[in-house]
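Enquirer: sequence first, then the predicted structure, then my questions.
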Amino acid sequence: MTPVLVRLKLSLLRNGLRQSGGRRAAYIASAVLALLFAALQLIGLIALRRVDHAESLVVLLVAVLALGWAVMPLFFPSGDETLDPSRLVMLPLRPRSLVRALLVASLVGIGPLFTLCVLAGSAVAVAYGGAATAAGVLAVPLALLVCVALARAVATANVRLLTSRRGRDLAVLSGLVIAVGAQFVNFAVQRLGSAGLDQLDPAADVVRWIPPASAIGAVHSAGEGAYGAAAVQLALTAGALAVLLALWSRSLSRLMTSPDGSTLRSGEAAVRDRSPAGLARLLPAGRTGTAVERSLRYIWRDPKTKAAWVTSLAIGLIVPVFNAWQGTGSVYFACFAAGMLGVMMYNQFGQDTSAFWMVAMTISGTRDAYVELRARALALLLVTLPYSTFVTVVTTAMLGDWPRLPEALGLSFALLGAMLATGAWTSARFPYSIPQEGHKNVAPGQVGLAWISIFGGMVAAAVLCAPVIALTIWLNVSEGGEDRTWLLLPAGTAYGAALTLAGLRLAAPSTARRLPEILTAVSKG
């Protein structure tokens, strides 16, 4: 069975590349970049030999690599067709032989080759002497098998989830994980550059006993003459591999013998879902409450909308907080949260796609359009207003600059109001469609509209905030003005509210007049 499944994976790869020239070019380019990066990683790790505390770095690197293998199936469920063993349910296969064959087939690909380069470089970086070299010969393939088995066990245990709507949500959120992870990596690199590798020792002392990092820890222990510790660390890795293979086999048996009831719902649950609950009970009656609830449901259920919101919330908090943590921030950086969340007002009708016709049928004039836009802005404010306040207070607390809290809040509220105003107007003037499938957030041929809508609106919002910015500067440079900076909180709040109402009033006639054009634009995805 093993050669058959290896040939099957190669056939899937070959046939996938035959589908289109673009896909073939993208695969070749990504393969070249991955292999080039792997080669540079290998050279860099080998160069760490004889560097103090290098063992701490490589042990943590292997742990992060294993974490990547664990979460990869959750965020990229469609990246490898062989990750779904339910395709083999109708075949008379035994779990034990299937596990062995799939494990070998999993070693075919760019990912395992990249991992092998990193593990080999890590072992070379800490291998001193014949005993360490012998331990490395065992540790590298053992750690590679643990990484692959971990990915397979996670994928098999969650295969029902990965083929559902929630699985697609996780795939869309993969961009967020990469963005947030990049921020943490950037912060860690800056800390290491200023403090040195010895900062990693406390964490490495623990991680070196956790598989598969314990395999690389065994190489270092053997080089130090601690042969007992090296044997224990190798045994831990081998034990982890045995446990993962057992869990994988058990999940395969359950998956291939039990019925799929994941899509079945009881009548009681369906009836319960029809009754309003939670926040819906507090919303006003009429069009406003209905539109607010619809917008909130988009945030919770639509994968693209959810990904955009979670990304904005995460990045809006990370940037000011991390800068404050490093001592290079300012309370004004908290306005970044208001800016990131204010962007969510842009292209309000694009998230409706072709279903916007139902909204358009209920708009008979300027008044209906104004109420619709106002409700959508209110739905955003229910999240953005308290969150912007939270980020501003946290940033101020980390910096200990409490006297500037009122002006920071005033600026954030003014910027938020300006972005709601410009977002309402650009939603009516420059709507574009958001494809429901794939990772693209703009339909082909509408990229220019998206750029005009978002970046043009952001520039206009910054210009609209100029009076509040000028007032802030004047109060901070004038004699005795610092004692009156608290006035910026009510002034910025009132100014932002006035801008929001003015923007909604200005956008309503255009929305009511351009309903057919908006429907055509948002239905292209």
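Expert: Sure thing, it's come through.
Enquirer: give the residue spans of this protein that score low on pLDDT.
Expert: 16, 19-23, 26, 73-86, 159-198, 258-281, 436-441, 443-445, 447, 525 (pLDDT under 70).
Enquirer: okay, domains of it per the record?
Expert: Listed by automatic domain parsing, the domain ranges of the chain are 2-257, 285-522.
Enquirer: which of those sits most buried?
Expert: domain 285-522 (a mean of 19; mean count of other Cβ atoms under 10 Å). Yep, even glycine has a C-beta here, placed from its N, CA and C like the rest.
Enquirer: measure that domain end to end?
Expert: 28 Å (Cα to Cα, to the nearest Å).
Enquirer: so how far is it from its chain's centroid?
Expert: Put simply, domain 285-522 sits 21 Å off its chain's centre (Cα atoms, centre = their mean, to the nearest Å).
Enquirer: make residue 1 into 36 and carry on from there
Expert: Shifting the count to begin at 36 puts that one at domain 320-557.
Enquirer: go ahead and confirm residue 328 touches residue 317.
Expert: No - under the criterion of Cβ atoms under 8 Å, residue 328 is not in contact with residue 317, lying 10.3 Å apart.
Enquirer: tell me how far residue 448 lies from residue 534.
Expert: For residue 448, the distance to residue 534 (Cβ to Cβ, to the nearest Å) stands at 10 Å.
Enquirer: before we move on, what about residue 370?
Expert: Taking Cβ to Cβ, one finds residue 370 at 15 Å from residue 534.
Enquirer: ditto for residue 134
Expert: The separation that residue 134 has from residue 534, given Cβ to Cβ, amounts to 62 Å.
Enquirer: and the next helix or strand past the host helix or strand of residue 537?
Expert: Element membership for residue 537 (DSSP states H and E) is helix 523-548. Using DSSP H and E, the helix or strand that directly follows helix 523-548 along the chain is helix 550-557.
Enquirer: that next one packs against which elements?
Expert: If contacts are counted by 3 or more Cβ pairs under 8 Å, 6 or more residues apart in numbering; DSSP states H and E, helix 550-557 sits against helix 391-396.
Enquirer: any chance you could list what contacts the helix it packs on?
Expert: Residues outside helix 391-396 that contact it (Cβ atoms under 8 Å, 6 or more residues apart in numbering) are 384, 387, 407, 550-551, 553-554, 557-558.
Enquirer: mind listing the helices in the stretch 286-435 of the chain by residue range?
Expert: Taking DSSP state H, counting those that start in this stretch as the test, the helices found in the stretch 286-435 of the chain are 302-309, 322-336, 338-360, 370-377, 391-396, 401-434.
Enquirer: can you list those in CSV and add distance to residue 86?
Expert: Formatted as CSV, the helices of the stretch 286-435 of the chain follow (distance: least, Cβ to Cβ, whole Å):
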stretch, distance to residue 86
helix 302-309, 59
helix 322-336, 48
helix 338-360, 27
helix 370-377, 37
helix 391-396, 60
helix 401-434, 34
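Enquirer: about what we covered before: which of the contacts of helix 391-396 lies closest to residue 457?
Expert: residue 384 (15.2 Å; Cβ to Cβ).
Enquirer: residue contacts, that closest one?
Expert: Applying Cβ under 8 Å, 6+ apart to residue 384 gives the contacts 391, 394, 462, 466, 553, 557.
Enquirer: phi first, then psi, for it.
Expert: phi -90, psi -10 (degrees, to the nearest 10).
Enquirer: now residue 247
Expert: phi -90, psi 0.
Enquirer: what separation do you get for it and residue 77?
Expert: From residue 247 across to residue 77, the span is 18 Å (Cβ to Cβ).
Enquirer: need the contact partners of stretch 354-366.
Expert: 218, 222, 225, 368-369, 371-372, 426-427, 429-431, 433-434, 436, 439-440, 442-443.
Enquirer: if you set the cut-off to 10 Å instead, what comes out?
Expert: The contact list for stretch 354-366, computed with Cβ atoms under 10 Å, 6 or more residues apart in numbering, reads 218-219, 221-222, 225-226, 229, 367-372, 374-375, 426-440, 442-444, 446-447.
Enquirer: hey, C-alpha coordinates of it in CSV?
Expert: Taking C-alpha atoms only, stretch 354-366 is exported to CSV below (Å, rounded to 0.1, in the frame of the first residue of the first chain):
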residue,chain,number,x,y,z
VAL,A,354,0.8,48.1,17.3
PRO,A,355,0.2,50.6,20.2
VAL,A,356,0.7,48.0,22.9
PHE,A,357,3.9,46.6,21.5
ASN,A,358,5.4,50.0,20.9
ALA,A,359,4.5,51.0,24.5
TRP,A,360,6.0,47.8,25.8
GLN,A,361,9.3,48.6,24.1
GLY,A,362,9.3,52.1,25.4
THR,A,363,9.1,53.7,22.0
GLY,A,364,5.4,54.3,21.9
SER,A,365,3.1,57.3,22.5
VAL,A,366,-0.5,57.6,23.6
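Enquirer: rewinding a little: among the helices of the stretch 286-435 of the chain, which comes closest to residue 274?
Expert: Proximity to residue 274, assessed across the helices of the stretch 286-435 of the chain by Cβ to Cβ, is greatest for helix 338-360 (36.3 Å).
Enquirer: tilt between that closest one and helix 401-434?
Expert: Relative orientation of helix 338-360 and helix 401-434, computed by axes from the mean of the first three to the mean of the last three Cα atoms, to 10 degrees: 30 degrees.
Enquirer: now the angle between helix 370-377 and helix 338-360, please.
Expert: Using the same axes, to 10 degrees: helix 338-360 against helix 370-377 is 180 degrees.
Enquirer: tell me what angle helix 338-360 forms with helix 322-336.
Expert: Computed by the same axes, to 10 degrees, the angle between helix 338-360 and helix 322-336 is 80 degrees.
Enquirer: residues in contact with residue 352?
Expert: So residue 352 contacts 215, 369, 371-372, 375, 422, 425-426, 429-430 (Cβ under 10 Å, 6+ apart).
Enquirer: residue 83 too?
Expert: 89-90, 92-93, 156-157, 159-161, 232 are the contacts of residue 83 under Cβ under 10 Å, 6+ apart.
Enquirer: and it, helix, strand or coil?
Expert: Here residue 83 is recorded as coil under DSSP: H, G, I helix; E, B strand; the rest coil.
Enquirer: phi, psi for it please.
Expert: phi -80, psi -10.
Enquirer: ok, residue 236 - contacts?
Expert: 88, 90-91.
Enquirer: can you tell me the helix or strand for it?
Expert: Using DSSP H and E, residue 236 falls in helix 236-242.
Enquirer: now that helix - C-alpha only, CSV.
Expert: These are the backbone C-alpha positions of helix 236-242, laid out as CSV (Å, rounded to 0.1, in the frame of the first residue of the first chain):
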residue,chain,number,x,y,z
ASP,A,236,17.9,30.0,28.3
PRO,A,237,15.0,29.8,30.9
ALA,A,238,12.5,28.9,28.2
ALA,A,239,14.9,26.5,26.4
ASP,A,240,15.6,24.6,29.7
VAL,A,241,12.0,23.6,29.7
VAL,A,242,11.4,23.1,26.0
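Enquirer: that one: what's the following helix or strand?
Expert: Following helix 236-242 toward the C-terminus (DSSP H and E): helix 248-258.
Enquirer: packing partners for that next one?
Expert: When contacts are defined as 3 or more Cβ pairs under 10 Å, 6 or more residues apart in numbering; DSSP states H and E, helix 248-258 packs onto helix 89-110, helix 145-161, helix 165-192, helix 236-242, helix 262-292.
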